[in-house]
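Participant: below: sequence and its predicted model.
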Amino acid sequence: MKQNLKTYACAGIAADILYFISVTLFLLLKAEWALTLWELMTVAGAFTMLIVLTVFAEAFEIKPLLRRFMLTALSGTVILTSIAHFTSIGVIRKLIAQGAAIPDYFRIGYFPSIEMTVDYTAWGLFMGSAFLSLFLGIRDRAIRIISVTCCILCFTGFAGSFFAESLWYPAPLGYGIGFLILCIAVLKKTAKPGFQHGTA
């Protein structure tokens, strides 16, 4: 179990780093392929977080009710962000390339827009709920602090997005940087000689 947990923590770290690389590439190049990569990495990141956080919940023996709640919230994130980004890649951007006049409120990356609201709900409300269940179910103090901080940042960003685009940005700190810190914290725990299954 220790080695298994270490593997998943490393996978979470790798996925997070690859996501930030894709973001950086798009911001630097502004190319269509870079935007596609960013959107695909966003969806892949949601799947990765679902798997990694589910493994963490099992390893640290979170209560079944909270584990189910977390799985439901993470599934909500995966489903909603997949809808938003696959619609953007497979429909909206193809129509734009064909010369169709698509209003900004149907496009990802524009505020306010329907697709951004769906994505904000995925990463703000549902991911925040997943971190909340992790906070409520885990006993390790350090991981509890990281989890509740991620939760607050996600919820704050989600609520803020109703007022201004700039108020959304606490959320990416929660699910982006926060998840990276969480994986590093779990990785450090597995490096301790006395680490045992369910000791967190």
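Facilitator: Done, it's in. Numbers count the residues shown, from 1 in each chain.
Participant: any idea how far stretch 39-57 is from the chain center?
Facilitator: 7 Å (CA atoms, centre = their mean, to the nearest Å).
Participant: how about the CA coordinates for it, as CSV?
Facilitator: C-alpha atoms of stretch 39-57 as CSV (Å, rounded to 0.1, in the frame of the first residue of the first chain):
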residue,chain,number,x,y,z
GLU,A,39,-8.3,22.0,-22.8
LEU,A,40,-7.4,18.3,-23.1
MET,A,41,-5.0,18.6,-20.1
THR,A,42,-7.8,20.2,-18.1
VAL,A,43,-10.0,17.2,-18.7
ALA,A,44,-7.2,14.7,-18.1
GLY,A,45,-6.4,16.6,-14.9
ALA,A,46,-9.9,16.1,-13.7
PHE,A,47,-9.7,12.3,-14.3
THR,A,48,-6.3,12.2,-12.6
MET,A,49,-7.6,14.0,-9.5
LEU,A,50,-10.6,11.7,-9.3
ILE,A,51,-8.3,8.6,-9.3
VAL,A,52,-5.6,10.1,-7.0
LEU,A,53,-8.0,11.5,-4.4
THR,A,54,-10.0,8.3,-4.3
VAL,A,55,-6.9,6.3,-3.6
PHE,A,56,-5.9,8.8,-0.9
ALA,A,57,-9.4,8.4,0.7
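Participant: buried residues in that stretch?
Facilitator: 39, 41-43, 45-46, 48-57 (16 or more other CB atoms under 10 Å). All C-beta spots, glycine's among them, are computed from the backbone N, C-alpha and C.
Participant: residue 74: which of those is nearest?
Facilitator: residue 50 (4.2 Å; CB to CB).
Participant: quick one, grab the pLDDT at that closest one.
Facilitator: Per-residue pLDDT puts residue 50 at 97.
Participant: secondary structure class for it?
Facilitator: The local conformation at residue 50, judged by DSSP: H, G, I helix; E, B strand; the rest coil, is helix.
Participant: so what's it closest to, chain neighbours aside?
Facilitator: residue 74 (4.2 Å; CB to CB, 6 or more residues apart in numbering).
Participant: can you check residue 78 too?
Facilitator: Nearest non-adjacent residue to residue 78 (CB to CB, 6+ apart): residue 46, at 4.6 Å.
Participant: packing partners of the helix or strand hosting the one you found?
Facilitator: For residue 46, the enclosing helix or strand under DSSP states H and E is helix 32-59. In terms of contacts (3 or more CB pairs under 8 Å, 6 or more residues apart in numbering; DSSP states H and E), helix 32-59 is packed against helix 2-29, helix 64-87, helix 127-137, helix 179-190.
Participant: which one of the ones you listed is the most hemmed in?
Facilitator: helix 127-137 (a mean of 24; mean count of other CB atoms under 10 Å).
Participant: show me what contacts the nearest residue to residue 95 once chain neighbours are set aside?
Facilitator: Nearest residue to residue 95 in three dimensions, chain neighbours excluded: residue 102, at 5.6 Å (CB to CB, 6+ apart). Contacts for residue 102 (CB atoms under 8 Å, 6 or more residues apart in numbering) come out as 92, 95, 96.
Participant: closest one of those residues to residue 136?
Facilitator: residue 92 (37.8 Å).
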